[in-house]
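**Student:** everything below, folded, please.
(4 chains)
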Number of protein chains: 2
Amino acid sequence: MTEPNPKDPAAIPDAAKRPGRDGKSNATIYDIAKLAGVNPSTVSRALSKPGRVSAKTQKLIEDAAAELRYQVNPFARALPTGRTNTIGLIVADITNPTFFDIIRGAQATATLRDYTLVLAESAESGVTELTAARRMMATADGLILASPRMDDNDIRALAADKPVVVINREVDGVPCVIPDVGKGISEAVRSLAANGHRKLAFVAGPPQSWMSARRWEGVQAACEWSRVTPVRLESSRPTVDGGRQVARDVLASGATAVMTYNDLLAIGLMQELQAGGMAVPDRISIVGFDDIFGADFTTPPLTTVRSPLGECGTAATTRLLDLLVGEGGDAGTLRVETELVLRGSSGRVVRQG
Amino acid sequence: MTEPNPKDPAAIPDAAKRPGRDGKSNATIYDIAKLAGVNPSTVSRALSKPGRVSAKTQKLIEDAAAELRYQVNPFARALPTGRTNTIGLIVADITNPTFFDIIRGAQATATLRDYTLVLAESAESGVTELTAARRMMATADGLILASPRMDDNDIRALAADKPVVVINREVDGVPCVIPDVGKGISEAVRSLAANGHRKLAFVAGPPQSWMSARRWEGVQAACEWSRVTPVRLESSRPTVDGGRQVARDVLASGATAVMTYNDLLAIGLMQELQAGGMAVPDRISIVGFDDIFGADFTTPPLTTVRSPLGECGTAATTRLLDLLVGEGGDAGTLRVETELVLRGSSGRVVRQG
DNA sequence: GCCATCTTGTCAACCGGTTGCCAAAAGTTG
DNA sequence: CAACTTTTGGCAACCGGTTGACAAGATGGC
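**Tutor:** Residues are numbered from 1 along each chain as shown, chains lettered A, B, ... in the order given. Okay, the predicted model is just below:
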């Protein structure tokens, strides 16, 4: 009774499971070696070290591998070599569309070069971020940090361990990819100045944000050049809600134009101002940053300083992968251009009355 | 001369590199065993099989592990066990915000339960999707397919190998999580009918999309109930651009209200219609699906049938993880409710003239 | 005080690749 | 054709965990 009966119908699923569990994806190099009549190590070489075995043996092994539908076991490979063909990407907030394009660019590039992308979120917190990074370090060959919130030193410590590329921030000694805000901002401020604006409010992002600081600097510099008075305002969070909340401060500032740390803030701000009866752009001009998905859904569509985010993701990934194969130049910073995207939310000052 | 001199300055970086390269993340269970004076296998058991070793030894080992900052090597663990603590998520299109919330929900849930999420994209193609899925199967413990485009049989074949959960589609014999469109659609159609609409166009999504078919069925059923005439139109792609392109068909159809397969189509359609001078909702009402990020950025904000996408991601992940620890019920379908979100893009028919 | 039972730790094999080292085979040269 | 160089394939150790089998020690019953 307890003896397995091969004809017992109940035994069939068990027997059928075998090839599913054991036989499905586990032709090993040993199986190939047996089939091809060579040594496993020869198989290993044929499959990973091009030119190390003769063309004849190579073909023999490749045929056997094809016949058995061989797939390398990534773990078995990772164990002795440490290479995993995986890169990690850590973003501050997955729900923030700013990162969408970065993720997309990174994903595409990684796939193209036969790497797998692993995604983690730091919830805008430096400590969560560091934890996630440490965890990823264990399994990934390298790391991309997008808009990291952690300490410069932590980043460098990470980079000492494995290749790291940073997006949207500049860290000494670590390769970085950053949008160069200069051009886009000066275009924006010049455009506003040309439309008669004399006082410009800048709604800042998170205090730890390196990029927010750069943008504020850029705005100040451009304002000086164009003889516009800049005013800095703080936001609670870099989100649509944060934008709504800062509306009263914006009104109180008396500025006729606003630039915000990002598009989310700009959109929230615009909604709140319009809800309060302020015409955009007739009474107040609004300029965002990044040109995220949805920035042109608003009425009027949002004028914004576009950062080529997808390009950043692509560039950072390319950089990292080059580093991994050892051909990466050293820790320079790659700058990508920003530009003004003029839409409907900015324009001439209309004399109130 | 060739003898290493401990005082030789040139030797220092080499010596310093050791702990960086070898000593950084590689305390092994062997190191712990040595420090604690026990056998490596005892360490392994202490660390993974609770209760298998005495409390005294347990403490000894834990202390040693803490002192050495031990971290398991996931590959060494994965090799003999096959468990990787990784789950894969495949989405049709990363740039489509529909998936944002799904990704986010899945990511959060996975992290919470100490799993890593790996993301892949199928570019809306069944074959790319299958390739990606096969690849992931090799490294992940289970898979979540969001809006899969591949064949039912392919999905079942995958599911025979390792646990698979499907979102936004129902596949016999495979656990699924789907928004139940019935409630949301009937609310929407009833609302439109109450506002005097008698002819409703439905802009369909991709032909292979299971969900698109369900939504069309739902619309037909609700229309019959409310005595509204449904017309089906096709879209080229389920994107903003696809929505713009379908605008002339919508006009030609003579319908006074439109429901679209998703919000992206609705937004594109609204932009195009407005650009052509059609007032929304005065001349035509538009209702989308999903309530994605940005659906309320438009003017008027988009009325839409909300699918709790984040919830779907969370539920699917929970389901999958339960399956992995063996406590998952069998292949049932989990339905989550949809509801109408009434915003400004739908309303009463205004007599033209 | 002896034997049965349970607990706890050890041994050794194994997962599936990679790689340094070496010897056999093949190719080259005088 | 011998001597030498270059290819090519095989052997075996190793990466760092897991786990079945087993034995020593602790516990308990009679």
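
**Student:** hey, let's count contacts and neighbours off CA atoms from now on
**Tutor:** Noted.

**Student:** the nearest residue to residue A:133 once chain neighbours are set aside: what secondary structure?
**Tutor:** Of all residues not flanking residue A:133 in the chain, residue A:90 sits nearest, at 7.3 Å (C-alpha to C-alpha, 6 or more residues apart in numbering or on different chains). What DSSP: H, G, I helix; E, B strand; the rest coil gives for residue A:90 is strand.

**Student:** and for residue A:32?
**Tutor:** helix.

**Student:** burial of it, as a residue count?
**Tutor:** 26 (other C-alpha atoms under 10 Å in any protein chain shown).

**Student:** distance of it from residue A:151?
**Tutor:** Computed as C-alpha to C-alpha, to the nearest Å, the residue A:32 to residue A:151 distance reads 50 Å.

**Student:** again, but for residue A:69
**Tutor:** Relative to residue A:151, residue A:69 is positioned 47 Å away (C-alpha to C-alpha).

**Student:** about what we covered before: show the model's pLDDT score for the residue nearest to residue A:133.
**Tutor:** Residue A:90 is assigned 94 on the pLDDT scale.

**Student:** from what I see, it and residue A:124 are in contact.
**Tutor:** No: counting by C-alpha atoms under 8 Å, residue A:90 stays clear of residue A:124, with 10.6 Å between them.

**Student:** those two: which is more packed in?
**Tutor:** residue A:90 (26 against 20).

**Student:** interface residues of the stretch 151-300 of chain A facing chain B?
**Tutor:** A:160-161, A:267, A:294, A:297-299 (C-alpha under 8 Å from any C-alpha of the partner chain).

**Student:** partner residues bridging the closest residue to chain B within the stretch 101-250 of chain A?
**Tutor:** Here the residue of the stretch 101-250 of chain A nearest chain B is residue A:118; by C-alpha to the nearest C-alpha that distance is 4.9 Å. Beta bridges link residue A:118 to residue A:88, residue B:118, judged by DSSP bridges.

**Student:** are we agreed that residue A:255 is in a strand?
**Tutor:** No: per three-state DSSP, residue A:255 lies outside any strand segment and is coil.

**Student:** need the phi and psi values for the residue most central in space within chain A.
**Tutor:** By C-alpha atoms, centre = their mean, the mean C-alpha position of chain A lies nearest to residue A:102, the distance being 3.5 Å. Dihedral angles of residue A:102 (phi, psi; degrees, to the nearest 10) stand at phi -60, psi -50.

**Student:** I'd assumed residue A:312 was in contact with it.
**Tutor:** Yes: using C-alpha under 8 Å, residue A:102 is in contact with residue A:312, at 6.4 Å.

**Student:** give me the pLDDT for the residue nearest to residue A:260 when sequence neighbours are not counted.
**Tutor:** Setting aside the residues directly before and after it, residue A:260 is nearest to residue A:203 in space (C-alpha to C-alpha, 6+ apart), at 4.5 Å. Model confidence at residue A:203, expressed as pLDDT, equals 98.

**Student:** ok so, going back, which residues does the residue nearest to residue A:133 contact?
**Tutor:** Contacts for residue A:90 (C-alpha atoms under 8 Å, 6 or more residues apart in numbering or on different chains) come out as A:119-122, A:129, A:132-133, A:143-146, A:148.

**Student:** where in chain A is pLDDT low?
**Tutor:** Applying pLDDT under 70 to chain A flags residues A:1-25, A:328-331, A:351-353.

**Student:** domain assignment for it?
**Tutor:** Domain segmentation of chain A under automatic domain parsing yields A:11-72, A:83-177+A:310-335, A:180-308.

**Student:** what about the residue nearest to the centre of chain A, distance to residue A:313?
**Tutor:** For residue A:102 relative to residue A:313 (C-alpha to C-alpha), the value is 4 Å.

**Student:** kindly report the same for residue A:158.
**Tutor:** Residue A:158 is 19 Å from residue A:313, by C-alpha to C-alpha.

**Student:** and what about residue A:83, helix, strand or coil?
**Tutor:** coil.

**Student:** is it true that it touches residue A:76?
**Tutor:** No: Residue A:83 is not in contact with residue A:76 according to C-alpha under 8 Å; the separation is 10.4 Å.

**Student:** what residues are shared contacts of these two?
**Tutor:** By C-alpha under 8 Å, 6+ apart, no residue touches both residue A:83 and residue A:76.

**Student:** how about the helices in chain A?
**Tutor:** A:11-21, A:29-36, A:40-48, A:55-67, A:74-81, A:98-112, A:126-139, A:152-161, A:181-194, A:210-226, A:240-245, A:247-253, A:263-275, A:309-324 (DSSP state H).

**Student:** need those in TSV with distance to residue B:168, can you?
**Tutor:** Shown next, in TSV, are the helices of chain A (distance: least, C-alpha to C-alpha, whole Å):
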stretch	distance to residue B:168
helix A:11-21	27
helix A:29-36	39
helix A:40-48	40
helix A:55-67	35
helix A:74-81	31
helix A:98-112	21
helix A:126-139	30
helix A:152-161	39
helix A:181-194	41
helix A:210-226	38
helix A:240-245	28
helix A:247-253	39
helix A:263-275	28
helix A:309-324	27
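
**Student:** just say which of those helices is most tucked in.
**Tutor:** Among those, the stretch with the highest mean neighbour count (mean count of other C-alpha atoms under 10 Å in any protein chain shown) is helix A:263-275, at a mean of 25.

**Student:** what's that one in contact with?
**Tutor:** Contacts for helix A:263-275 (C-alpha under 8 Å, 6+ apart): A:238-247, A:259-260, A:279-280, A:286-292, A:295, A:298, A:302, A:304, B:297.

**Student:** only alpha carbons, please: show that helix as CSV.
**Tutor:** Provided in CSV are the C-alpha atoms of helix A:263-275 (Å, rounded to 0.1, in the frame of the first residue of the first chain):
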residue,chain,number,x,y,z
ASP,A,263,7.0,69.7,-12.7
LEU,A,264,4.9,68.1,-10.0
LEU,A,265,5.2,71.2,-7.9
ALA,A,266,4.4,73.4,-10.8
ILE,A,267,1.3,71.4,-11.7
GLY,A,268,0.0,71.4,-8.1
LEU,A,269,0.7,75.1,-7.8
MET,A,270,-1.1,75.8,-11.1
GLN,A,271,-4.1,73.9,-10.0
GLU,A,272,-4.3,75.7,-6.7
LEU,A,273,-3.8,79.1,-8.2
GLN,A,274,-6.4,78.5,-10.9
ALA,A,275,-8.8,77.2,-8.3
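
**Student:** kind regards, and thank you for your time.
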